[in-house]
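Student: pasted the sequence and its predicted model underneath.
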Amino acid sequence: MKNLFSWWHDGHKRFWFFLLLAFVVFLLIRKNNLFTWIAGAFEESAQKREIQSLEEQIADLDEGISRMQSGPDAAEQYAREKLRFQADGEDVYIVNE
């Protein structure tokens, strides 16, 4: 039993023991630990991708608004192409590409 704790009297080994203990406490056990940092990085990258996607959708919508404001013919063309509207007595055929 005496040999089991003989390392405790060596100052260098005791220093490394407390350093390892501090590492375990601060990076693995606490609430704000290494694992939450990694999860936060993944969450941040997912949110950046979502923001980029939403910005592209906003740009497409802004382009559609500017086209529809250019005149009544443009609004009618947009309604027919994108929303598949039709006039009375008109047959519409949809071709999927």
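Tutor: That came in fine, so what should we check first?

Student: need the pLDDT of the spatially most central residue of the chain.
Tutor: Within the chain, the residue whose C-alpha comes closest to the C-alpha centroid is Ala46; the distance, by Cα atoms, centre = their mean, is 1.4 Å. Ala46 is assigned a predicted lDDT (pLDDT) of 96.

Student: please begin residue numbering at 15 from this point
Tutor: Renumbered: residue one is now 15, and that last one reads Ala60.

Student: on the three-state scheme, it is what?
Tutor: Of the three states, Ala60 takes helix according to DSSP: H, G, I helix; E, B strand; the rest coil.

Student: before we move on, what about the one 5 residues further on?
Tutor: Reducing the assignment at Ile65 to three states with three-state DSSP gives helix.

Student: can you give me the neighbour number for it?
Tutor: A count of neighbours around Ile65, defined by other Cβ atoms under 10 Å, yields 10. All C-beta spots, glycine's among them, are computed from the backbone N, C-alpha and C.

Student: output the lowest mean pLDDT helix or strand found in the chain.
Tutor: Among the helices and strands of the chain, helix 86-95 carries the lowest confidence by mean pLDDT, DSSP states H and E, at a mean of 78.

Student: can you list contacts of that one?
Tutor: Applying Cβ atoms under 8 Å, 6 or more residues apart in numbering, the contact partners of helix 86-95 are Gly78, Arg81, Met82, Phe99, Gln100, Val106.

Student: how close does the second one sit to Val38?
Tutor: Put plainly, it is Arg81. Arg81 sits 61 Å away from Val38 when distances are taken as Cβ to Cβ, to the nearest Å.

Student: equivalent analysis for the last one, please.
Tutor: Relative to Val38, Val106 is positioned 68 Å away (Cβ to Cβ).

Student: the more surrounded of these two?
Tutor: Between Val106 and Val38, Val38 has the larger neighbour count (other Cβ under 10 Å), namely 12 against 9.

Student: what helix or strand does the more buried one sit in?
Tutor: Secondary structure assigned from DSSP states H and E places Val38 in helix 25-38.

Student: could you do Glu77 as well?
Tutor: With DSSP H and E as the test, Glu77 turns up in helix 48-82.
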